[in-house]
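Visitor: got a predicted structure here, sequence first:
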Amino acid sequence: MKLFTSLLFAASASAAAITSRQNGQSTLQKGAQTLVLKEVGGIPGNECLTFRNNGEIVDAACVNTAADRQLTPSTIGGANVLAVQRSFSNGFRPDLVNAQACVGFNGTHFKALDCADRNLDPVSLQNGKLVSASGACQSGHDNAAQITVDPSGQKCAQLTSTRVQATAT
């Protein structure tokens with residue numbers, strides 16, 4: 001029963017977050033803090049979450065001044081989301097050129113997606129865990145250092161955060 005209630009709540013929260021953007025409430029409100037996230041039990045020497053050129057998230061060395069490691073807790077349409085500090089190039093992610101990227105869940109992976117996408121399932125930092133509005137959470141990383149996701153939200157990795165000065169992109 002507890003699992004059913006949790007799944008029902010997650011589905012309701014996800015629907016509310018997506019519906020608010022579909023109704024035109026998609027303005028990103030950036031927060032005042034910028035963070036670098038470190039996976040507890042990550043790959044030794046490469047524990048910090050980093051955005052590849054294609055928007056995928058991997059564990060890499062902790063370089064707090066690198067924009068590709070920086071996230072800003074924000075809101076969009078009233079839903080919590082992590083805004084991505086880095087910019088993206090036309091050769092890798094033309095959909096994110098001149099767009100604000102946010103961490104979103106595409107049903108399989110957490111990755112950089114356009115904050116203005118009306119179907120964005122926003123990902124935020126909740127109690128030291130990366131969690132989407134639909135309830136999926138980061139569960140760790142694979143042997144290629146790419147983060148993994150548990151769509152059920154049952155097995156979540158723990159993260160620590162460090163406040164940093166935002167780097168210009």
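Guide: Structure received. Numbers count the residues shown, from 1 in each chain.
Visitor: what number of residues lie near D121?
Guide: 22 (other Cβ atoms under 10 Å). (C-beta placed from N, C-alpha, C; glycine too.)
Visitor: not counting its neighbours along the chain, what's nearest it?
Guide: F105 (4.2 Å; Cβ to Cβ, 6 or more residues apart in numbering).
Visitor: then R93?
Guide: Nearest to R93 is G55, by Cβ to Cβ, 6+ apart, at 5.4 Å.
Visitor: spit out the contact partners of that neighbour.
Guide: By Cβ atoms under 8 Å, 6 or more residues apart in numbering, G55 lies in contact with 88, 92-93, 96, 101, 111-113.
Visitor: let's see it at 6 Å
Guide: Contacts for G55 (Cβ atoms under 6 Å, 6 or more residues apart in numbering) come out as 93, 111-112.
Visitor: need the pLDDT of it.
Guide: What the model reports as pLDDT for G55 is 96.
Visitor: look at the residue nearest the centre of the chain and give its secondary structure.
Guide: Nearest to the mean C-alpha position of the chain, by Cα atoms, centre = their mean, lies V103 at 3.0 Å. Under the three-state scheme (DSSP: H, G, I helix; E, B strand; the rest coil), V103 adopts strand.
Visitor: for stretch 127-134, how far is the first residue from the last?
Guide: For stretch 127-134, the first and last residues are 16 Å from each other (Cα to Cα, to the nearest Å).
Visitor: sorry, wrong one. I was asking about stretch 130-140.
Guide: Length of stretch 130-140, first residue to last, Cα to Cα: 10 Å.
Visitor: just how off-centre is that stretch within its chain?
Guide: On the basis of Cα atoms, centre = their mean, to the nearest Å, stretch 130-140 is displaced by 9 Å from the centre of the chain it belongs to.
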